[in-house]
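**Student:** what's the 3D shape of this:
(one chain, ligands or ions: 1)
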Amino acid sequence: MLFRLFRYFRLFRILFLMFSKRFKWSLEPNRFARLIEEKKKAGARILDLTESNPTRVGFDYSDDEILDALAQAPAMLYEPAPRGLLVAREAVADYYAERGLKVDPERIHLTASTSEAYSFLFKLLADQGESVLVPQPSYPLFEFLAALEGVELRPYDLHYIHPAGWRIDFDSVDKAVAPNTRAIILVSPNNPTGSFTKLREVERLNAICARQGLALIVDEVFGDYGFADDESRAASLVSNDSSLTFVMSGLSKVLALPQMKLGWIVTNGPPGLREVAIERLDFIADTFLSVSAPVQHSARSWLQLRRSIQDQIQKRTRNNLSWLLGETENSPLRLLSVEGGWYATLELPRQFTEEEWVMSLLEKDDVLAHPGYFFDFRREAFLVLSLLPRAGVFREAIARILARVERV
Ligand SMILES: Cc1ncc(COP(=O)(O)O)c(C=O)c1O
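**Tutor:** Numbering: from 1, shown residues only. A predicted model of the protein is given here:
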């Protein structure tokens, strides 16, 4: 008895005293994860509409060229550089130049990923307990990235009007800004809504940043994946010098090579302030020096290959999207307008909750899709679908969703 008590005490001590309180998540698999496991064990062929790993959906990468680029002699020299090696930063600057955007390589910091870039920027801008504004709905990793840095998230709304699309609800931005707010995050195009930030929205955001002393953190990882040109969009915020602005992107989407671990931050803003931010980012990046030399030396050759993979992705996502539009036109499902990115959102009839829809689709139809609440949609019932799966898988899964919806 005494021994058991002692064991409980030790367990309590380990769980509550030894680990940081920033870690507040349960590691127990939820109902959904358990069902997926059971299905897989039983040998079910699951049609996965959550698949967002581009290396698993049959794209033709130039394997030899990608791998050969890693074997470069200069990579044998260790040259610690907080911003990253100039050869790689120049390659990133040229990537922007090809898009008609002028970026000084001295304003670029390389990181191991965009996720790491977020963590650097949270360290730079916010103290423990201070806040940043995040769009809602958006990318679910924010919750973890911010909590692990001790930063609070305050959501502002993206508002949907059919068929015009999504726009920033500026009343909600004004309401979300608190005295301890340090930055506004934009994701353009956003995951999963696929909406780009518009030029007139940037103007209003700059005014808010100037008034409240805030920075802009802009995630442009899907920036190369617009479905159609649109003059009203802000193609990129790398040239925005009205506010302190940090634009992030990286190879995980630009080259569909998340495993190569290369991201970056482009800093802009009013002269003076911009330089102070860059020096401080130098210090943070110097503490980690996280990008490997072979990857940095490969950046130029890799970035030159991007058209081939981007063309394949554009073709796949466009085909899946236009097929989805055709299938849902005269159905109880509504496809929300989408401007870019790798995802589409379907609105379902509301006689069931999202949880019920996704569970029943998985249980009865072997179709896996994300519920809207995963991305903090304000209301139900939405399904978020990856547009990356092969056409055969995608079409069969949509046919099963339609059949399920029409049956109820
Ligand atoms: C909007 C957005 N930002 C950032 C990332 C993460 O990118 P990285 O692999 O560079 O960390 C993702 C990944 O899906 C994403 O959707």
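**Student:** Number of residues surrounding S360?
**Tutor:** 14 (other C-beta atoms under 10 Å). C-beta: built from backbone N, CA, C; applies to glycine.
**Student:** for S52, same thing?
**Tutor:** When counting by other C-beta under 10 Å, one arrives at 20 neighbours for S52.
**Student:** Look up which helix or strand it falls in, please.
**Tutor:** Using DSSP states H and E, S52 sits within no helix or strand.
**Student:** That one: what's it in contact with?
**Tutor:** W342, Y343, S386, L388 (C-beta atoms under 8 Å, 6 or more residues apart in numbering).
**Student:** cool, and T50?
**Tutor:** Applying C-beta under 8 Å, 6+ apart, we find T50 in contact with L368, A369, H370, V384, S386.
**Student:** hang on, A344 is in a strand, isn't it?
**Tutor:** Yes - counting by DSSP: H, G, I helix; E, B strand; the rest coil, A344 is found in a strand.
**Student:** quick one: it and R334 touch, right?
**Tutor:** No - using C-beta atoms under 8 Å, A344 is not in contact with R334, being 11.1 Å away.
**Student:** Nearest residue to V291 in space, please, no chain neighbours.
**Tutor:** L110 (4.8 Å; C-beta to C-beta, 6 or more residues apart in numbering).
**Student:** name the helices or strands packed onto the helix or strand harbouring that neighbour?
**Tutor:** Using DSSP H and E, L110 sits in strand 108-111. Secondary-structure packing of strand 108-111 (3 or more C-beta pairs under 8 Å, 6 or more residues apart in numbering; DSSP states H and E): helix 86-98, helix 114-125, strand 263-268, helix 273-288.
**Student:** most neighbours per residue, which of these?
**Tutor:** The highest mean neighbour count among the helices and strands packed on strand 108-111, using mean count of other C-beta atoms under 10 Å, belongs to strand 263-268: a mean of 26.
**Student:** could you check the angle helix 86-98 makes with that strand?
**Tutor:** 70 degrees (axes from the mean of the first three to the mean of the last three C-alpha atoms, to 10 degrees).
**Student:** now check strand 263-268, is it near the ligand?
**Tutor:** Yes - counting by C-beta under 6 Å from any ligand atom, the ligand is contacted by strand 263-268 at G263.
**Student:** how far away is D127 from N180?
**Tutor:** Distance check for D127 against N180: by C-beta to C-beta, to the nearest Å, it reads 8 Å.
**Student:** Quick check: what element follows the longest strand seen in the chain along the chain?
**Tutor:** Counting residues, the longest strand in the chain under DSSP state E turns out to be strand 152-161. Next helix or strand after strand 152-161 toward the C-terminus (DSSP H and E): strand 165-168.
**Student:** At which residues are the strands of the stretch 151-300 of the chain located?
**Tutor:** 152-161, 165-168, 181-187, 215-219, 245-250, 263-268 (DSSP state E, counting those that start in this stretch).
**Student:** before we move on, back to that, neighbour count: A344 and R334, which is higher?
**Tutor:** Taking neighbours as other C-beta under 10 Å, A344 and R334 compare with A344 leading, 24 against 15.
**Student:** give the contact list for the more buried one.
**Tutor:** Going by C-beta under 8 Å, 6+ apart, A344 touches G194, N320, L321, L324, L335, L336, V338, V384, L385, L387.
**Student:** Count the neighbours of N53 for me.
**Tutor:** 14.
**Student:** pretty sure it contacts L257?
**Tutor:** No - counting by C-beta under 8 Å, N53 sits too far from L257 to count as a contact (11.0 Å).
**Student:** ok, now which ones touch F288?
**Tutor:** E116.
**Student:** same thing but 10 Å
**Tutor:** For F288, the contact set (C-beta atoms under 10 Å, 6 or more residues apart in numbering) comprises P82, T111, A112, E116, S119, F120.
**Student:** Determine which two of these are furthest apart.
**Tutor:** P82 and S119 (15.4 Å; C-beta to C-beta).
**Student:** any chance of the contacts of S52 in JSON lines, plus pLDDT and neighbour count?
**Tutor:** Rendered in JSON lines, the data for the contacts of S52 read as follows (pLDDT from 0 to 100; neighbours: other C-beta atoms under 10 Å):
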{"residue": "W342", "pLDDT": "98", "neighbour count": "24"}
{"residue": "Y343", "pLDDT": "98", "neighbour count": "25"}
{"residue": "S386", "pLDDT": "98", "neighbour count": "24"}
{"residue": "L388", "pLDDT": "98", "neighbour count": "25"}
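**Student:** Quick check: the two most widely separated of those residues?
**Tutor:** Distance extremes for the contacts of S52: the farthest pair is Y343 and L388 at 8.8 Å, using C-beta to C-beta.
**Student:** anything in contact with each of these two?
**Tutor:** The contact lists of Y343 and L388 share L49, T50, S52, T317, where a contact means C-beta under 10 Å, 6+ apart.
**Student:** Appreciated, that's everything.
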